[in-house]
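# What would the 3D arrangement of this be:
(one chain, ligands or ions: 1)
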Amino acid sequence: MRKVSLDNVKVGNRIALPIFSLNNSVLLARGSELTPEIINNLKQYGITEVYIDDGVSENISVPEFIKKEIIHETKNQIKKIMDNLSIKTSTDGEFILEIVKNLIEEILQSHQVIVNLSDIRSIDDYMFTHSVNVAVFSLVTGITLGLEQDELKNLGIGAILHDVGKVRINDRILKKPTSLTVEEYEEVRKHTVFGYEILGNSENIPSVAREIALYHHERMDGSGYPYKLKGKEIPAEARIVAIADVFDALTTDRIYRKKMHISHVVDYMLSLSGKHFDKKILEAFFRHVTNYPVGTGVVLNTGEKGLVFKYNSYSPNRPVVRILIDSNGQKLSRYRELDLSHKPDYFIEDVWNI
Ligand SMILES: [Fe+2]
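I've put the predicted structure just below:
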């Protein structure tokens, strides 16, 4: 299977992974054939990419980092919490702790390099998907940095609830498709303090989780908000969530902008290492990020083009690539697989929108 933008799919392409709605019902089953009407409907749902099965992607399977069911279940639970009107004043951490324990267990069992959470999602459920992704990225980073079990639990609770203060911000501003005015931006920034207040009123919330809500927009060089804290003045857990938050936001489609490709996000965030982001934490996180998920089209420095076939866990950005087009631009009649971890002269130069 391979991942294709809905703008590039062809009528008659077959869906390789089912597409779920937020309430877990199947919008489109595996094997469904795309028709102009279905393509249109998916776009209405805010879906921008699908996995398809076709000849060139035969035998390519996208490994799951965390079981889809766990992700769906977690999203639903978070939706339940967020939909509860009382959340504008308080919430109960005990329920969230259960979710976090499950996630930690799943991550510790996973043998994947990472982290291909870009599972097909609609724009509407951004808030819930974002909470789960930020929690998973933060926990992966926390585990890499050697945090203890209790520290991981606190980090996970704070990561899931980092944006909880947004429930007090007007939807009109949060969902505005154009850029915000200065006043509106000021309003959005208040979600940090609102989150801190809500979690302060709540049962079973560790103080670290409150600090994450308050400080996850602070930046190492003091350019963040709400207090312009610098470096180690920002709690380590908030520095972890800051990285997970930005990474997920930039690799996701939003109403007001298209997502960036992972490799461009990695370059961008590395350029801010030590300025916005903690160097050591960023390094730990990127050890688990592959720029080119399985099924992605890539161009090699030799001019050859192909699809990422398999990860190499010790070298996430040097995967095995299935070559489809040779360096002269000729389609190969039989593809071959090239393991970049054994070919020091080869590297991936860019993404190929096949
Ligand atoms: Fe935030």
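
# gap between Gln44 and Ile160?
Gln44 sits 29 Å away from Ile160 when distances are taken as C-beta to C-beta, to the nearest Å. Where you see a C-beta, it was placed from the backbone N, CA and C, and this is true even at glycine.

# Now do the contacts for the spatially most central residue of the chain.
The residue at the geometric middle of the chain, judged as the C-alpha nearest the mean C-alpha position with C-alpha atoms, centre = their mean, is Asp248 (4.0 Å). Shown in contact with Asp248 (C-beta atoms under 8 Å, 6 or more residues apart in numbering): 117, 130, 133-134, 137.

# rerun that using 7 Å as the cut-off
For Asp248, the set of contacting residues under the criterion of C-beta atoms under 7 Å, 6 or more residues apart in numbering consists of 130, 133-134, 137.

# nearest spatial neighbour of it, skipping sequence neighbours?
Counting by C-beta to C-beta, 6 or more residues apart in numbering, the nearest residue to Asp248 once its immediate chain neighbours are dropped is Asn133, at 4.4 Å.

# element containing the one you found, please.
Asn133 is located in helix 126-144, with elements delineated by DSSP states H and E.

# what packs against whatever helix or strand comes next after that helix?
Next helix or strand after helix 126-144 toward the C-terminus (DSSP H and E): helix 149-160. Contacts of helix 149-160 with other secondary structure elements, assessed using 3 or more C-beta pairs under 7 Å, 6 or more residues apart in numbering; DSSP states H and E, are made with helix 93-109, helix 126-144, helix 207-215, helix 236-250.

# Just the angle for the longest one relative to helix 207-215, thanks.
Okay, so that is helix 126-144. With axes from the mean of the first three to the mean of the last three C-alpha atoms, to 10 degrees as the basis, helix 126-144 and helix 207-215 are set at 120 degrees to each other.

# Now do helix 126-144, average pLDDT.
Helix 126-144 shows a mean pLDDT of 89.

# Kindly report the same for the last one.
Averaged over helix 236-250, pLDDT sits at 96.

# then it to CSV, C-alphas only?
As requested, the backbone C-alpha atoms of helix 236-250 are provided in CSV (Å, rounded to 0.1, in the frame of the first residue of the first chain):
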residue,chain,number,x,y,z
ALA,A,236,11.6,19.7,31.6
GLU,A,237,8.2,18.1,31.1
ALA,A,238,6.8,21.3,29.5
ARG,A,239,9.9,21.5,27.3
ILE,A,240,9.1,17.9,26.1
VAL,A,241,5.5,18.7,25.4
ALA,A,242,6.4,21.9,23.6
ILE,A,243,8.4,19.8,21.0
ALA,A,244,5.7,17.2,20.6
ASP,A,245,3.0,19.9,20.2
VAL,A,246,4.8,21.8,17.5
PHE,A,247,5.8,18.7,15.6
ASP,A,248,2.2,17.4,15.5
ALA,A,249,0.7,20.7,14.6
LEU,A,250,3.1,21.2,11.7
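
# if we can go back for a sec, contacts for the helix holding Asn133?
66, 71, 74-75, 78-79, 82, 100, 103-104, 107, 115, 117, 121, 151-152, 155-156, 159-160, 162-163, 240-241, 244-245, 247-248, 252, 281, 284-285, 287-288.

# quick revisit: give me the number of residues near the residue nearest to Asp248?
Asn133 is flanked by 26 other residues according to other C-beta atoms under 10 Å.

# What of Tyr45?
Counted with other C-beta under 10 Å, the neighbours of Tyr45 add up to 17.

# Tell me where the chain has helices.
When secondary structure is read from DSSP state H, the chain shows helices at 36-44, 68-83, 93-109, 126-144, 149-160, 171-174, 182-189, 191-200, 207-215, 236-250, 262-271, 279-286.
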